[in-house]
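**Student:** what follows is a predicted structure for the sequence shown.
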Amino acid sequence: MDLEFNKNEDSLKLLCYQLDKKLKEVYLGGGEKKIKSQHEKGKLTARERIQYLVDPESEFLEVGAFAGEGMYEEYGGCPSAGVVTGIGYVNRRQCVIVANDATVKAGAWFPITAKKNLRAQEISIENRLPIIYLVDSAGVFLPLQDEIFPDKEHFGRQFRNNAKMSAMGIVQIAAIMGSCVAGGAYLPIMSDEAMIVDKTGSIFLAGSYLVKAAVGETVDNETLGGATTHCEISGVTDNKYDNDQQCLDAIRGIFDKLGYDSKAGFNRKTPAAPKKDVEDLFGIFPQDRVKPYDMGEVIERLVDNSEFEEYKALYGKSLLCGTARIDGWAVGIIANQRKVVKSKKGEMQMGGVIYSDSADKAARFIMNCNQRKIPIVFLQDVSGFMVGSRAEHGGIIKDGAKMVNAMANSVVPKFTIILGNSYGAGNYAMCGKAYDPRLIYAWPTAQMAVMSGAAAAKTLLQIKVAALKRKGNALTIEDEDKMLAEITDKYNDQLSPYYAAARLWVDGIIDPKETRKVISMGIEAADHAPITEKFNVGVIQT
């Protein structure tokens, strides 16, 4: 191993250490005092409920752990958006779990909370997975009600989804384990089964204070909407339980008796580990994001037996396309080649840039994967499409459009891992969030933006300097340097994968060694949803 490898290894392992540290902070939710308060009430925390519910020693793939990171600081923050979501296994059945975190503002809904809940339902819908709601929420966070209440993708969309999911035959189980108020009360009651924990669970459209103000009635919350009221008088809930554990055991009992639907039928054989050491990923991936490297070496450390059957290996070399297996699942892989390569015309092509021939190759490969019913994995480290007169004269826009068209219309499930750069139209062509990947995760080295920090900062500086000159204000070189540094710092903050994860542009940030697990669990989830659409790319220029 050379010095460069060791430097890369140290850099990426440090980023993974920082990732692990940040996750541990996120797992504390509203903090140790709030956790202690939950326990004193006889309640488990959201994460403890999930841990108790899922099968022992099984994997839980969290979605949106960093949602809300660095946001709403004026209100004390909203760690993990005040709700824990992910894909887990209950009685050997894969499912989506949504658990309100009452340690964060009593589980109140912030705008990002609504977005995260809708993302969880989207995963359930796309993959036809049963969904479990562990409800413990004070409802809408009133200071931000205008950003969460009335619009299409706001709070009410979740109840619309409840109804649509029920009509689709997707199993929805709800457990009321704490507060469940106002409009939020519809969520568990629109589920297939609604259970409630005695003395700690309550559900009503208006609490005792609002009832007193609205109709002058004096009544306590337990009488108004406790477990006894709704299980013995109103019939709103189905069964009550003495504590969280009993309630969660009942959910496991339901899942023990669920029937099975037809599958998509994706090909899977006995899983095999990569022959090449996965640990090498840390040294192969460069800390300097401008330096080239061989993406093929990365792929060989992610796929079973390190076997990758490349498609059109001698053509369109700035994209690697081919088939392999990941944890036994057959996959098609489209990855940006980051080493400098020679084109069919003898031209040297920059790493990470998509050229016309590569876009054409990728479009054809996507068609093949759809024909053969093979899920597609996109490994992003892309600077964008090639620009300049030669590229324009060669029809780069047309060829790029072919790739985007084929990718957007793909009916086999798509999964995206952002390893490094994810810039401009390259993000789109390589199945960014706007193109419905079933799951999209990032390495700690990921960067997402319209363009690189250096390029963007220089462009923004030129615009500002030109504007000042038009007003007759000239800047010294020192002033320009200072302004450039300020612009660069701000832009680089927005490039961070944590900035993207906070806003749910990605489902999470993972250690590179977790890549195989994410893809495997994603395909297993997707296999629950038979493909009913026919692949059709529509109008496309050849």
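**Tutor:** Now that the structure is in, tell me what you want to look at.
**Student:** only C-alpha atoms from now on, for both contacts and neighbour counts.
**Tutor:** OK.
**Student:** contacts for the helix or strand Lys115 falls within, please.
**Tutor:** Secondary structure from DSSP states H and E places Lys115 in helix 111-127. For helix 111-127, the surrounding residues in contact (Cα atoms under 8 Å, 6 or more residues apart in numbering) are 63-64, 67-68, 81-83, 85-86, 95-98, 129-131, 144, 147-148, 153-155, 157-158, 161, 165, 170, 438, 503-504, 525-529.
**Student:** buried sites along that helix?
**Tutor:** 111-125, 127 (16 or more other Cα atoms under 10 Å).
**Student:** and stretch 429-440, how far from the chain's centre?
**Tutor:** In terms of Cα atoms, centre = their mean, to the nearest Å, the centre of stretch 429-440 is set 10 Å apart from its chain centre.
**Student:** so for it, what's the average pLDDT?
**Tutor:** Averaged across stretch 429-440, pLDDT comes to 97.
**Student:** buried stuff in that stretch?
**Tutor:** Neighbour-count burial for stretch 429-440 flags 429-433, 435-440 (criterion: 16+ other Cα under 10 Å).
**Student:** now do stretch 461-472
**Tutor:** 461, 465.
**Student:** tell me the mean pLDDT for it?
**Tutor:** The average pLDDT within stretch 461-472 is 76.
**Student:** only C-alpha atoms, please: export that stretch in PDB.
**Tutor:** Only the C-alpha atoms of stretch 461-472 are listed here, as PDB (Å, rounded to 0.1, in the frame of the first residue of the first chain):
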ATOM      1  CA  LEU A 461     -18.000  36.400  -7.200                       C
ATOM      2  CA  GLN A 462     -17.900  37.500 -10.900                       C
ATOM      3  CA  ILE A 463     -21.600  38.400 -10.700                       C
ATOM      4  CA  LYS A 464     -21.200  40.400  -7.500                       C
ATOM      5  CA  VAL A 465     -18.100  42.200  -8.700                       C
ATOM      6  CA  ALA A 466     -19.800  43.100 -12.000                       C
ATOM      7  CA  ALA A 467     -22.800  44.400 -10.100                       C
ATOM      8  CA  LEU A 468     -20.600  46.600  -7.900                       C
ATOM      9  CA  LYS A 469     -18.700  47.900 -10.900                       C
ATOM     10  CA  ARG A 470     -22.000  48.900 -12.600                       C
ATOM     11  CA  LYS A 471     -22.600  51.100  -9.500                       C
ATOM     12  CA  GLY A 472     -19.200  52.600  -9.800                       C
END
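**Student:** next, the contact list for Val518, please.
**Tutor:** Val518 makes contact with Leu61 under the criterion Cα under 8 Å, 6+ apart.
**Student:** angle of the strand or helix carrying it against helix 111-127?
**Tutor:** Using DSSP H and E, Val518 maps to helix 515-526. Relative orientation of helix 515-526 and helix 111-127, computed by axes from the mean of the first three to the mean of the last three Cα atoms, to 10 degrees: 60 degrees.
**Student:** following the helix holding Lys115, which helix or strand shows up next?
**Tutor:** strand 131-137.
**Student:** quick one on the thing from earlier: got the buried residues for the helix holding Val518?
**Tutor:** Residues of helix 515-526 classed as buried: 515-516, 518-526 (neighbour count, 16+ other Cα under 10 Å).
**Student:** how about stretch 39-58?
**Tutor:** 43-47, 49-50, 53-55.
**Student:** show me the contact partners of it.
**Tutor:** In contact with stretch 39-58 (Cα under 8 Å, 6+ apart) are residues 27, 35, 38, 60, 83-84, 88-92, 97, 99-103, 134, 177, 200, 243-245, 248-249, 251-252.
**Student:** what's the first-to-last distance across it?
**Tutor:** Distance between the two ends of stretch 39-58: 25 Å, counting by Cα to Cα, to the nearest Å.
**Student:** quick one, phi psi at Asn409?
**Tutor:** Per-residue torsions, Asn409: phi -90, psi 0 (degrees, to the nearest 10).
**Student:** actually Thr476, sorry about that
**Tutor:** The phi/psi pair for Thr476 (degrees, to the nearest 10) reads phi -80, psi 170.
**Student:** kindly report the same for the one 5 residues further on.
**Tutor:** As for Asp481, its main-chain torsions (degrees, to the nearest 10) stand at phi -60, psi -40.
**Student:** likewise Ala335?
**Tutor:** phi -140, psi 140.
**Student:** so what's it up against?
**Tutor:** By Cα under 8 Å, 6+ apart, the residues touching Ala335 are 295, 319-321, 378-381.
**Student:** tell me, how many residues neighbour Thr237?
**Tutor:** Other residues within reach of Thr237, judged by other Cα atoms under 10 Å, total 24.
**Student:** doesn't it fall inside a helix?
**Tutor:** No. Counting by DSSP: H, G, I helix; E, B strand; the rest coil, Thr237 is not part of a helix but coil.
**Student:** relative to Lys490, how far out is it?
**Tutor:** As judged by Cα to Cα, Thr237 and Lys490 stand 50 Å apart.
**Student:** ok, now Asn243?
**Tutor:** When distance is defined by Cα to Cα, Asn243 is 48 Å away from Lys490.
**Student:** between those two, which one's more packed in?
**Tutor:** Asn243 (18 against 12).
**Student:** pLDDT score assigned to that one?
**Tutor:** For Asn243, the pLDDT comes out at 97.
**Student:** nearest residue to it other than its sequence neighbours?
**Tutor:** Leaving aside its sequence neighbours, Asn243 sits nearest to Val197 (Cα to Cα, 6 or more residues apart in numbering; 5.7 Å).
**Student:** backbone phi and psi for that neighbour, please?
**Tutor:** According to degrees, to the nearest 10, Val197 has phi -90, psi 130.
**Student:** next, count neighbours for it.
**Tutor:** Other residues near Val197 number 25, with proximity taken as other Cα under 10 Å.
**Student:** please apply the same query to Gly394.
**Tutor:** Using other Cα under 10 Å, Gly394 has 14 neighbouring residues.
**Student:** show me what contacts it?
**Tutor:** Applying Cα under 8 Å, 6+ apart to Gly394 gives the contacts Ser356.
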